[in-house]
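Student: Starting from these lines, generate the structure:
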Amino acid sequence: MKPRQNLVPPRDEILHTMERIYRYRMTTTSGGNISIRDDHGDTWITPARIDKGNLRRTDIACVHADGSVDGPHRPSSEFPFHRAIYDARSDIRGIVHAHPVALVAFSISRQLPNTHLFHQARHVCGEVGFAKYALPGSEQLGYNIAKAFAQGFHCVILENHGVVVGGDNLQNAFQRFETLEFTAKTIIKAGHLGQVQYLNDAQLAIPRRAVAPLPTFPAGPATSHEKELRRELCEFVRRGYQQRLLISTEGSFSSRLDANSFLITPYQADRFAIEAEDLVLVRAGTGESNKIPSRAARMHQAIYDRHPEIRAIANAYPVNATAFSVTGAALDTRTIPESYIFLRDVQRIPYGLQFQDGEEIARRVSPRQPIALLENDGVLVCGTSVLDAFDRLEVLESTAEALINSRPLGPVAPMGNDVIAELNRAFLGE
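Tutor: Alright, predicted model coming up:
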């Protein structure tokens, strides 16, 4: 497919990106700045001392190559380091600097988040660099940061100052920024549970080597039923993103259309902006032409083939449940009745199996066991409808968060066998 030309003006792209960062509490009213360097060498950047939660497109400043400025406000006081990065790296055209809480924790601890935690984090973010502290807005700070970028890093932790992330466009920079913050959050959460497990180079290579593209077919006009299902699936994907159950670079959702076909989210699409026409129809092991389905499509196909009762599947990355997936800690659902009834016993699937053997995954999940932790790759949730799968996903994340939050309070007291037997009789027909 020919990539779409980006016709969004830089000031609007900056505005929309800052809205996402602020909305999801990845910066504060006064913190952070974003920039774009356009094809003419002009740098568009957020202004100094303007409320990030009430930014307008007309607030964005444009700094020309000759140093003159257009706009009603002064450019961000951090403009010197944006300029230094662009001068050091001609391939970088978008920059995000902010103070998200997990990456600030690494910043003030002088540590770097290890992107070997997830194959996608390693692919999106690469290795993380470090820049020594210097006065905000100073030329020295610009030198320190640009020096790290000149070494090839795309993501740089600033000592006692947050993070800076660059990309070949602003969308790419934002996705790296969000993925790195998610990785940092997961490492911190997992640290409450036990030893964090990282992937080695051979494991990181498995997804690239194992997942072959699907054969394609020319899709005809969509039926009314398909149109409704596309609408519903998009709504829940976007809600999942808003609920932080997915991030822009990670998460797949599918729903059965009929006995031989299902709809699934596309590969490398921003989950925040999914539209009905973006979803990919998969029919009898072939994918809709001119579209690339999620790499999870073969696994979803195997689950649908084996379990006719399952009508929706989510691969998701809620941070608390994912923290369990990167440690050896068991996620015990016997916390409150809702958790056990919706989730049953959560199993653990070894890393790599989801890329290599969909049939084995299909044997391990069922309507009786609809939830699995995928080691170092989030969670797998099955449901009898899109709503049912999404509901289970929310309950799973709430349960995981409660378990992590209980750690400082003392040992968890799970419901006993007699209570579980009563729940099975009353709600699960067992």
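
Student: ok, residue 231 touching residue 277?
Tutor: No: using Cβ atoms under 8 Å, residue 231 makes no contact with residue 277, being 10.9 Å away. C-beta coordinates here come from the backbone N, C-alpha and C atoms, glycine included.

Student: between these two, which one's more packed in?
Tutor: Between residue 231 and residue 277, counted using other Cβ atoms under 10 Å, the more crowded position is residue 231 (12 against 9).

Student: Next, count neighbours for the nearest residue in space to residue 86 that is not next to it in sequence.
Tutor: Distances taken as Cβ to Cβ, 6 or more residues apart in numbering place residue 37 nearest to residue 86, at 4.9 Å, with adjacent residues excluded. Using other Cβ under 10 Å, residue 37 has 24 neighbouring residues.

Student: same thing with the one 3 residues further on?
Tutor: Other residues lying near residue 40 total 7 when counted by other Cβ under 10 Å.

Student: Look up how far residue 10 lies from it.
Tutor: 11 Å (Cβ to Cβ, to the nearest Å).

Student: do residue 51 as well
Tutor: 20 Å.

Student: before we move on, what about residue 105?
Tutor: 32 Å.

Student: Let me see the contact set for the residue nearest to residue 86.
Tutor: Counting by Cβ atoms under 8 Å, 6 or more residues apart in numbering, residue 37 touches 43-44, 86, 92-94.

Student: By neighbours, which of the residues you listed wins?
Tutor: Most surrounded of these: other Cβ under 10 Å gives residue 94, at 25 neighbours.

Student: beta partners for it?
Tutor: Judged by DSSP bridges, the bridge partners of residue 94 are residue 36, residue 167.

Student: Helices of the stretch 101-250 of the chain, residue ranges please.
Tutor: 101-109, 119-125, 139-150, 170-191, 201-210, 224-242 (DSSP state H, counting those that start in this stretch).

Student: just so I know, which of those helices lies nearest residue 419?
Tutor: Closest of the helices of the stretch 101-250 of the chain to residue 419 is helix 170-191, at 27.8 Å (criterion: Cβ to Cβ).

Student: quick one: buried residues of that closest one?
Tutor: For helix 170-191, burial by neighbour count (16 or more other Cβ atoms under 10 Å) applies to 170-190.

Student: Got phi/psi on residue 348?
Tutor: Here is the backbone geometry of residue 348 (degrees, to the nearest 10): phi -120, psi 130.

Student: what's the neighbour count on it?
Tutor: Neighbours of residue 348 (other Cβ under 10 Å): 16.

Student: so what's the nearest residue to residue 227 once chain neighbours are set aside up against?
Tutor: Excluding its sequence neighbours, the residue lying closest to residue 227 (Cβ to Cβ, 6+ apart) is residue 276, at 7.2 Å. Contacts for residue 276 (Cβ under 8 Å, 6+ apart) come out as 227, 230-231, 234.

Student: In the residues you listed, find the pair that's most separated.
Tutor: 227 and 234 (11.0 Å).

Student: Looking only at neighbour counts, state which of these two leads.
Tutor: residue 234 (20 against 12).

Student: can you list the domains in this protein?
Tutor: 10-191, 213-427 (automatic domain parsing).

Student: helices or strands up against the strand or helix carrying residue 324?
Tutor: Using DSSP states H and E, residue 324 sits in helix 319-325. If contacts are counted by 3 or more Cβ pairs under 8 Å, 6 or more residues apart in numbering; DSSP states H and E, helix 319-325 sits against helix 170-191, strand 371-374, strand 379-383, helix 386-406.

Student: contacts for it?
Tutor: 182, 185-186, 189-190, 192-193, 244, 330-331, 348, 373-379, 396-397, 399-401, 403-404.

Student: Send me that helix as PDB with only the CA atoms.
Tutor: Presented in PDB, the C-alpha positions along helix 319-325 are these (Å, rounded to 0.1, in the frame of the first residue of the first chain):
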ATOM      1  CA  VAL A 319       0.100  -2.300  32.800                       C
ATOM      2  CA  ASN A 320      -0.700  -4.200  36.100                       C
ATOM      3  CA  ALA A 321      -1.700  -7.500  34.500                       C
ATOM      4  CA  THR A 322       1.300  -7.200  32.100                       C
ATOM      5  CA  ALA A 323       3.500  -6.800  35.200                       C
ATOM      6  CA  PHE A 324       2.500 -10.300  36.200                       C
ATOM      7  CA  SER A 325       3.400 -11.500  32.700                       C
END
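
Student: Dump the domains of the chain into JSON lines; add mean pLDDT and distance to residue 202 as well.
Tutor: Listed next are these as JSON lines, based on pLDDT from 0 to 100; distance: least, Cβ to Cβ, whole Å:
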{"stretch": "domain 10-191", "mean pLDDT": "96", "distance to residue 202": "11"}
{"stretch": "domain 213-427", "mean pLDDT": "95", "distance to residue 202": "9"}
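
Student: Columns distance to residue 203 on top of the ones you listed, output as a markdown table?
Tutor: Listed next are the domains of the chain as a markdown table, based on distance: least, Cβ to Cβ, whole Å:
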| stretch | distance to residue 203 |
| --- | --- |
| domain 10-191 | 7 |
| domain 213-427 | 6 |
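
Student: what's the closest of the ones you listed to residue 198?
Tutor: Here domain 10-191 is closest among these (Cβ to Cβ), at 4.2 Å.

Student: For the closest one, measure first residue to last.
Tutor: 39 Å (Cα to Cα, to the nearest Å).

Student: same deal with stretch 350-357?
Tutor: End-to-end for stretch 350-357, by Cα to Cα: 11 Å.

Student: For it, which outside residues touch it?
Tutor: By Cβ under 8 Å, 6+ apart, stretch 350-357 touches 199, 203, 206-207, 210-211, 295-296, 299, 315, 360-361, 374-377, 380.

Student: Give me the buried entries from those residues.
Tutor: Buried among those by 16+ other Cβ under 10 Å: 199, 203, 206-207, 211, 295-296, 299, 315, 361, 374-377, 380.

Student: Nearest to residue 124 among those residues?
Tutor: For the buried ones among the contacts of stretch 350-357, the nearest to residue 124 is residue 207 (12.4 Å; Cβ to Cβ).

Student: Make a markdown table out of the contacts of residue 37 and add distance to residue 123.
Tutor: Below are these laid out as a markdown table (distance: Cβ to Cβ, whole Å):
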| residue | distance to residue 123 |
| --- | --- |
| 43 | 28 |
| 44 | 28 |
| 86 | 24 |
| 92 | 18 |
| 93 | 20 |
| 94 | 18 |
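
Student: Alright, calling it a day.
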